[in-house]
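Enquirer: A structural model of the following input is requested.
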Amino acid sequence: TSSVQKDPTVTYTLPGDYRVLLTAVSLHGCRDTMSERIVVHAKPASSFIASDVCLNDQPINFVNQSLGGNNYLWTFGDGVSSILSAPQHTYQDTGVYNVTLIAQTNYCSDTVTHKVQIFSLPVAAFTLSDTAKCGPFAQFALTNKSTNATGYTWNFGNATSSTDAAPDATYTTAGIYQVQLVAKSNHGCMDTLSKSITVYPAPSAPEINIDPAEGCQPLTVTLSANTNNANSFTWDFGTGAAPVTSNSANASFTYADTGSYTLSLYMTSAHQCTDTIKMLDTIRVHVVPKASFDTIINTAGYPYDGIVSFLNLSKNATNYMWNFGDGTTSSEINPSHTYEHINTYSALLIASTGYGCSDTAFETFLVIKKQLYVPNALQPDYQGSSDLVKVWKPIGNGLLSYHAQVFDKWGELIWESETISDWQPVDSWDGTYQGKPCQQDVYVWKISAVFLDGSVWPGMTYDKGEGGGTKTIGSITLIR
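Expert: Numbering: from 1, shown residues only. As a prediction, the model looks like this:
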């Protein structure tokens, strides 16, 4: 910009370093020039924010939002000042205060003023209808005498509360409680007052231990009550017998009969307060089953492979667990079991109910086998893995005595054995006679045997294609 005025005025809108040039011209056109440096410094922008608060919510934090300043002067309107950048201040009284902030640099300054209001507090006050009552149900009337308040929050110390102006406080548990009133003004300012009240404990039993509450007859129940403020106890066991009174909260009783029983406890305190706890059908006594069974071992027929049938004669049971004495079990009602070995076994039956009542029965018995099988061929030169193909060996079990013979086709005895071990045949014919191999041919076997139960082996049973019938004599084909 420029000017032809003799004494112009110029306004610089931006800070900076400016050079002013003056050219003087005479009437004759002569000229002279001079220049001067002008520095325009940046002006700070003063700004801050602060909230209106209640008298008891101080100090106030003044947030300085000024730009460009490096020194600050605060005046809080109550005669107190500060040179901090972002000070805190506490007012001693309510009211509206003019707060001024001067932001300064080395050359310039800027000023801003805002109003801050300090709100007065409400006064919380209330009275109680009583300071103490007897429980378990106790109600206290509360009279609100607060001033400068528009809202109320009550905390009764028992996890309940109210926003009514003058509520009732109700308690169902004995104890000492702090009743707290928070009075709130229309500006959100609050004042708090607490008072103590006492609810005297009526007799109570927060926990009654019943050990056990359910079981099998006869059932002895031990009762142990954890009580408060009780010095006299009367137990009614629900059987129709006279209740029992004592100064102990513990008792014991035996229920002889099955059924459900209602248990009652009557309590009296030193202040003659009373309370009753009635537990409907709390005691349950269940019937005990009677375990019993018979074993059915039918060895009359042949063959007999060790099958034992168990006839369950138990009463009042719904579940059964059998242990057959050989490592196997069953949960059938009337099971049958095949024993692998000849032996004396003890079978165990546990008969139980769905309530865990049980009874046990056992029986010891002998299990035998009645089996004898006679092969009809052998091949001594057989190259396979089965050794039984290479020899002729009767397979049996449960034998008390045994006599096996092999004859050639002319009726000459060429091999025999009576040896048994563990009730089974031991020896086998390898197709030789007097150490020499016999020729390929058809030979005759003959066997007599008696089983452990004294019965005689009836012989091999053949189908119609093999002549039919049961025989103690038969043919052996020697293959070479």
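Enquirer: now stretch 15-24: mean pLDDT?
Expert: The predicted model assigns stretch 15-24 a mean pLDDT of 92.
Enquirer: Relative to the whole chain's centre, how far out is it?
Expert: In terms of CA atoms, centre = their mean, to the nearest Å, the centre of stretch 15-24 is set 88 Å apart from its chain centre.
Enquirer: what does it rub up against?
Expert: Residues outside stretch 15-24 that contact it (CB atoms under 8 Å, 6 or more residues apart in numbering) are 12, 31-43. In short, each C-beta sits where N, CA and C put it, glycine included.
Enquirer: Which pLDDT value belongs to G356?
Expert: Note on G356: pLDDT of 91.
Enquirer: and D257, how many residues sit next to it?
Expert: Counted with other CB atoms under 10 Å, residues neighbouring D257 total 11.
Enquirer: wouldn't it be in contact with Q217 here?
Expert: Yes: between D257 and Q217 there is a contact at 6.9 Å, judged by CB atoms under 8 Å.
Enquirer: Need the residues touching each of those two.
Expert: Common neighbours of D257 and Q217 (criterion: CB under 8 Å, 6+ apart): V285.
Enquirer: Need the per-residue pLDDT for E466.
Expert: Per-residue confidence (pLDDT) for E466: 69.
Enquirer: Could you verify my assumption that W154 touches A166?
Expert: No: counting by CB under 8 Å, A166 is not a contact partner of W154; they are 9.3 Å apart.
Enquirer: more crowded one of those two?
Expert: Using other CB under 10 Å, the more surrounded residue of W154 and A166 is W154, with 21 against 14.
Enquirer: Among the contacts of stretch 15-24, which lie within strands?
Expert: For those, the ones inside strands are R31, D32, T33, M34, S35, E36, R37, I38, V39, V40, with DSSP state E as the criterion.
Enquirer: Enumerate every residue touching the third one.
Expert: With contacts defined as CB under 8 Å, 6+ apart, T33 is in contact with L21, L22, T23, A24.
Enquirer: Which strand or helix spans the first one?
Expert: So that's L21. L21 is located in strand 16-25, with elements delineated by DSSP states H and E.
Enquirer: Report the inter-axis angle for that strand versus strand 31-40.
Expert: Angle, strand 16-25 to strand 31-40, by axes from the mean of the first three to the mean of the last three CA atoms, to 10 degrees: 160 degrees.
Enquirer: residues of strand 16-25 that come out buried?
Expert: Of all the residues in strand 16-25, not one is buried under the rule 16 or more other CB atoms under 10 Å.
Enquirer: neighbouring strands for that strand, and are they parallel or not?
Expert: Here the strand partners of strand 16-25, with direction, are listed using DSSP bridges: strand 31-40 (antiparallel).
Enquirer: for the next helix or strand after the strand it pairs with, packing partners?
Expert: Downstream of strand 31-40, the first helix or strand assigned by DSSP H and E is strand 48-49. If you count contacts as 3 or more CB pairs under 8 Å, 6 or more residues apart in numbering; DSSP states H and E, strand 48-49 packs onto strand 63-64, strand 109-119.
Enquirer: Quick one: mean pLDDT over strand 48-49.
Expert: The predicted model assigns strand 48-49 a mean pLDDT of 97.
Enquirer: what lines up beside that strand in the sheet?
Expert: Partners of strand 48-49, by DSSP bridges, with direction: strand 63-64 (antiparallel).
Enquirer: mind checking how far the helix or strand following the strand it pairs with is from the chain centre?
Expert: Downstream of strand 63-64, the next assigned helix or strand under DSSP H and E is strand 71-75. Computed by CA atoms, centre = their mean, the chain-centroid distance of strand 71-75 equals 64 Å.
Enquirer: Direction included, what does strand 71-75 pair against?
Expert: strand 81-82 (antiparallel), strand 95-104 (antiparallel).
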